Each structure stands twice: as C-alpha cells, then as structure tokens.
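Q: sequence plus predicted model, see below.
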Amino acid sequence: MSTMTPAVDPARHVTLVEVSPRDGLQNEKVMLPVDVKVELVDRLSAAGFTRIEVTSFVSPKAVPQLADAAEVMSRIKRVPGVRYEVLTPNARGYAGAVAAGADGIVVFGSASETFSQRNINCSIAESLERFRPVVRDARAAGVAVRGTVSCALGCPYEGAVSPEAVARVVRELVAMGVDELSIADTIGVGTPDSTRAVMHAVLEHMDVNKLNGHFHDTYGRAIANIGACLDLGIRCFDASVAGIGGCPFAPGATGNVATESVLALLATRGFETGIDAKAVEGIGRWIRALLTQAVPVAQ
C-alpha cells in the first residue's frame, strides 16, 4: 500500500498572507512588547502559514507601534519555506529591510491622490518614482516584491474610485517588475460587484496567479468579496488573526478580514491552505486578550 501524500491540486490551493503582525498591530491603540510580537510571528509560522507580513520599516513617528521592526526581525525563529515580508515605503525603508534579512518587501501606492498625500505625503506619481529604485534593487538582490494598490475600492476622502484609476497604478507597478500585485479595499467599502469590476480591470494587466486581494470588513462584506475573487480564479489573500488592525491614515478603516473567517469560507468551498485552523483560533484569542491589557500608545 502506498503511503505517499496525494498531490495538492493548484486550482484548489489558496495562499493566505498573514498580516496581523504588521497591518494588524499598526492601527491598534496599544504598544505590545517585542517579546509578544516575536511570539506572534513564531506561532503563525508553526500554524502553517507560508507567508507572514512581519513589520514595517517606516518612520517611527508615523507608526510608533512598529518602531521595533529591526529587533523583531532579528529575533523571530525562521522556518524553512516561510517568506517573512516587510513593508518598505522608500529607499531608506528598503535598506532597513535588507539589513534585517527580509525575504520579501511590499511597496504601497494608492489609487486616490488625496489618500496618497495623507498616507505617504506625496502624489501618486511621486510615490511611483520612489518605488522604482527600490523595486530595481530588490529584484537584483533576489528579494520578492509585492506592489499594493490602496483604496482600490473606495477612498475615505474622495469616495468612489474608478477601476481605470486602479488600472493606471497597476500598469506602472507591472512595468517596474513587481512579482505580485495586491488590490486593497483599505476602508472596506467594496461589494462583490465592485470587486469584480476592479479585478477585471486589473486582470487585463496582471496574471491571475500573481494577484492578491486585501479586504477590510467595515461593512461585513469582506468574505463575500473574497468569494467573488475566488470565482475569478484568484488564489491569494491577506488576512489577520482575530480581525485585528486597519489603517491609521484612513478614517473609518476597521479591522482586516479575520483569518478565522477566511479559513472557514475556504474549507466550506473545498479549498486547501495547509494552515491549522484550530491553532489560528488559539492565536487569535491569545493576541486579542493581550491587546485588551496593553498600554495605549502615547500620541
């Protein structure tokens, strides 16, 4: 009798990028110690995630919750086969990421001019120019690059965002040579219909196998939006244990879609992830309890 493990059907496998250590913690009103952040990443590695967004190399004045990025990266237990990613807004951030041994970086632009100014203090065009040398250097060094388009389904300042506005930013990022694109509903206003419209526009410029969806659950539609993406063949999504986090520069942005909810959806629809759902539930309870006890960040 054969004891070989059956091969996983790529069409039925979904990759979840766990973003709670970065996008989850950056908008929480408390400061967790380094020990807790390291333990969070280590628990996620043990639960079977193959990609974890660990932290962000940004100005500590802008995001004080992640001022300890380098120390966290130096102390996590790296598991073979897991990609430890970090956010890098510019060349300085990229230098910090490389020094910390990041396996992948994330550059983030916006489909909204106003949000771009509020988030990274420059226009969309200026932000793209900042990314070019970062993407070039990362590719030369063999570091994976993900390009994120924020406010792809709506902006807290401008309201509706057209699919063509998203596609314009996508075309620029693709031309730079990003390995993957993440389309982000930063404030959680998307619907299945608007999600399909945006993704169709994006798919004219990027292969479906290199596309990622990032949804917030402000109005309880994130799971439905992920379902719409699955129907389009998209097989990679961001999620955050216990639904923690949001964007400190986007008024009204509540938590990311909960990893627990995404795993339940995928199981119901017959998809595989390789992630231990019970372990994730335990991690979610643990980090949520700590967040209710921690000290608020001084403003």
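A: Noted; the coordinates are in hand.
Q: gap between the two ends of stretch 110-123?
A: 9 Å (Cα to Cα, to the nearest Å).
Q: likewise stretch 235-242?
A: The first and last residues of stretch 235-242 sit 21 Å apart, counting by Cα to Cα.
Q: got a list of contacts for that stretch?
A: Stretch 235-242 is touched from outside by 10-11, 13-20, 23-24, 44, 53, 180, 182, 184, 208-209, 211-215, 226, 229, 255-262, 280, 283-285, 287-288, with contacts defined as Cβ atoms under 8 Å, 6 or more residues apart in numbering. Placement of C-beta: from N, CA and C, glycine included.
Q: which of the residues you listed are buried?
A: Those of the contacts of stretch 235-242 that meet the buried threshold are 14, 16-20, 23-24, 44, 53, 180, 182, 184, 211-215, 226, 229, 255-260, 262, 280, 283-284, 287, by 16 or more other Cβ atoms under 10 Å.
Q: now intersect those with the helices, please.
A: Within the buried ones among the contacts of stretch 235-242, residues falling in helices by DSSP state H are 44, 226, 229, 259-260, 262, 280, 283-284, 287.
Q: can I get these in JSON lines with distance to Gly154 and pLDDT?
A: As requested, those are exported to JSON lines (distance: Cβ to Cβ, whole Å; pLDDT from 0 to 100):
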{"residue": "Leu44", "distance to Gly154": "29", "pLDDT": "98"}
{"residue": "Ile226", "distance to Gly154": "17", "pLDDT": "98"}
{"residue": "Cys229", "distance to Gly154": "16", "pLDDT": "98"}
{"residue": "Thr259", "distance to Gly154": "23", "pLDDT": "97"}
{"residue": "Glu260", "distance to Gly154": "25", "pLDDT": "97"}
{"residue": "Val262", "distance to Gly154": "21", "pLDDT": "98"}
{"residue": "Val280", "distance to Gly154": "28", "pLDDT": "98"}
{"residue": "Ile283", "distance to Gly154": "30", "pLDDT": "98"}
{"residue": "Gly284", "distance to Gly154": "27", "pLDDT": "96"}
{"residue": "Ile287", "distance to Gly154": "28", "pLDDT": "95"}
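Q: turn those residues into TSV, columns for distance to Ala138.
A: Listed next are those as TSV, based on distance: Cβ to Cβ, whole Å:
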residue	distance to Ala138
Leu44	23
Ile226	28
Cys229	26
Thr259	27
Glu260	32
Val262	28
Val280	30
Ile283	29
Gly284	32
Ile287	30
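Q: relative to Ser162, which of those residues is nearest.
A: Cys229 (18.9 Å; Cβ to Cβ).
Q: please name the nearest non-neighbouring residue to the closest one.
A: Gly213 (4.7 Å; Cβ to Cβ, 6 or more residues apart in numbering).
Q: which ones are touching that neighbour?
A: 182-183, 195, 199, 225-226, 229, 234, 236-238.
Q: for it, give the beta-bridge partners.
A: Here Gly213 sits in beta bridges with Ile183, Phe237, going by DSSP bridges.
Q: measure it to Ser182 for me?
A: Distance of Gly213 to Ser182, given as Cβ to Cβ, to the nearest Å: 7 Å.
Q: ditto for Thr15
A: Applying Cβ to Cβ to Thr15 and Ser182 gives a distance of 12 Å.
Q: and what of Gln26?
A: In this view, Gln26 and Ser182 are 16 Å apart by Cβ to Cβ.
Q: do the same with Thr148
A: From Thr148 to Ser182 the distance is 4 Å (Cβ to Cβ).
Q: now Ala62
A: Distance of Ala62 to Ser182, computed by Cβ to Cβ: 20 Å.
Q: what are the boundaries of the strands in the stretch 101-250 of the chain?
A: Secondary structure of the stretch 101-250 of the chain by DSSP state E, counting those that start in this stretch: the strands cover 104-110, 144-150, 180-185, 211-215, 236-239.
Q: wait, which of the ones you listed is closest to Pro163?
A: Per Cβ to Cβ, nearest to Pro163 of those: strand 180-185, 10.2 Å.
Q: and for that closest one, what are the contacting residues?
A: Against strand 180-185 from outside (Cβ under 8 Å, 6+ apart): 106, 144-154, 166, 170, 173-174, 195, 198-199, 202, 206, 210-216, 222, 225, 236, 238.
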